[in-house]
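# From the sequence below, what's the structure:
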Amino acid sequence: MTGAVRRSEVRLIGGVWKRSKLPVADAPGLRPTPDRVRETLFNWLGHDLSGWRCLDAFAGSGALGFEAASRGAAQVVLLERERRLALSLNESKQRLNAAQLRIETVDALAWMARCAPASFELVFIDPPFDTPLVEPALALAARLVVPQGFVYVEAGAALQPAALDGLGLALHRQDRAGAVHFHLLRRADSR
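Numbers count the residues shown, from 1 in each chain. All right, here's what the predicted structure looks like:
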């Protein structure tokens, strides 16, 4: 967005922390999920995620993970390799007294590769658009999500059907808001 003023915070749109603000650092590739997209996503999922285990694989501002926790998720793991961003996430966690959140300063793909299968009801994949991380993250997320669980993917282009081949995931919903293409995928009962 040439010439646009960079937002320095995002606001949570639902749940117990509705209207709480999260800081957004000025970092290369960091582009928080827009409010309209988050609102649509959580309308698709239902507003109550009570008991869900969620993974925000490329946390950045933490908007997706904090939104899930605000809506009742029992456990939310936020992965962020940039130390400065992880420190900001920890500060927001402390400020909101968000005990159900765990922030890991790690490479998302390496962490996901080590994680036990079927560990989450929902996995968020929203890497920087200028990186080739969507497809490898999608392959790893497919094994981390429980049967009938969801994988959310945000990218600069629509997912091609071939990207889902052999993963046991099916497109559940998709939409676009400006340059943001977002997809909600669902894992089949068996693989």
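# My guess is D126 contacts V37. True?
No - with contact defined as CB atoms under 8 Å, D126 does not count as touching V37 (9.7 Å). Using the backbone N, CA and C atoms, a C-beta is placed for each residue, glycine as well.
# Please identify every residue contacting each of the two.
Common contacts of D126 and V37 (CB atoms under 8 Å, 6 or more residues apart in numbering): E154.
# And the two? Which one has more around it.
Ranked by neighbour count (other CB atoms under 10 Å), D126 and V37 place D126 first, with 26 against 22.
# Name the helix or strand for the closest residue to that one other than its chain neighbours, please.
If the residues on either side of it in the chain are set aside, D126 comes closest to E154, at 4.1 Å by CB to CB, 6 or more residues apart in numbering. According to DSSP states H and E, E154 maps onto strand 145-155.
# Show me which residues of the helix or strand just after that strand are buried.
Per DSSP H and E, the first helix or strand lying C-terminal to strand 145-155 is strand 169-177. Under the neighbour-count criterion of 16 or more other CB atoms under 10 Å, strand 169-177 has L169, R173 buried.
# For the residue nearest to D126, list the residues it contacts.
T33, V37, F124, I125, D126, V180, H181, F182, H183.
# Hmm, the third one is touching Y152, no?
Yes - with contact defined as CB under 8 Å, F124 counts as touching Y152 (4.9 Å).
# Quickly list what's touching both of these two.
With contacts defined as CB under 8 Å, 6+ apart, the residues shared by F124 and Y152 are L64.
# hey, which helix or strand in the chain has the poorest pLDDT?
strand 21-23 (a mean of 77; mean pLDDT, DSSP states H and E).
# And it, what's buried?
Residues of strand 21-23 classed as buried by neighbour count (16+ other CB under 10 Å): L22, P23.
# Relative to that strand, what are the paired strands and their orientations?
Partner strands and pairing direction for strand 21-23 (DSSP bridges) are strand 9-11 (antiparallel).
# Can you name the residues in contact with the partner strand?
By CB under 8 Å, 6+ apart, strand 9-11 touches R19, S20, K21, L22, P23, V24, P32, T33, D35, S61, A63.
# Not counting sequence-adjacent ones, nearest residue to the first one?
When you say that, I think you mean R19. Nearest one to R19, counting by CB to CB, 6+ apart, is R11 at 5.9 Å.
# For the one you found, give the beta-bridge partners.
For R11, the beta-bridge partners are K21 (DSSP bridges).
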